[in-house]
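[1] model this:
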Amino acid sequence: MRLFAQNVDDLLERAGCTDVVHLHGSLLDGHCRACGHHWHIGYAELSPRAICPKCTSHETKPGIVMFGEEAPLYAELHKIFSRSRDDLILVIGTSGNVIPFEYVVGNRRSTDRSYTVLNNLERDPDIPYHQYFDKVIFKPATEACEDLMAVVDSWISRKG
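    Numbers count the residues shown, from 1 in each chain. This is a model prediction of the structure:
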């Protein structure tokens, strides 16, 4: 199971999750604009005068995608989800504004597709959720846990 997260913290890992893909990078990393090197800085502050440990450039920044920058892992996300067949995809807590729903869950008209579920706090009247998701749950994620577990349990039972 892979988790794709838009958040840049390490809360999922601290909660015990593994195989987390941080689409917008990680605050725990430094990034060199000159050579592309990433390195772990942990919870230490990245100094404005930080030097890349690989190429010694001063063109460094936090290891996150800033507004206006390309998010390179979107290509991986799209590749994985465009090939997704007969998977369970849970989308929890996103507006679909940063990464459009169709980019993640693909063509819902196909019969050879994954089962998709969205859990969001509230409904946006301008979004046709039925075009993207087989099931939608509008309530806080903390209150949707039982509903989501029922979906997962049903999926596991069906897969046998």
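
[2] low-confidence ranges in the protein?
    Applying pLDDT under 70 to the chain picks out residues 106-112.

[3] so which residues of it form helices?
    11-14, 73-82, 101-105, 141-159 (DSSP state H).

[4] point out the most buried one among those helices.
    Stretch with highest mean neighbour count among the helices of the chain: helix 101-105 (a mean of 18; mean count of other Cβ atoms under 10 Å). For glycine as for every other residue, the C-beta is placed from the backbone atoms N, C-alpha and C.

[5] the domain parsing of the protein - what is it?
    Here the domain assignment for the chain is 3-64, 84-159, based on automatic domain parsing.

[6] need phi/psi at the residue located most distally from the centre of the chain.
    Within the chain, Thr56 marks the point farthest from the mean C-alpha position, 31.4 Å out by Cα atoms, centre = their mean. Backbone dihedrals for Thr56, given as degrees, to the nearest 10, come out at phi 60, psi 20.

[7] measure it to Ala44 for me?
    Summarising the geometry, the distance separating Thr56 from Ala44, computed by Cβ to Cβ, to the nearest Å, is 19 Å.
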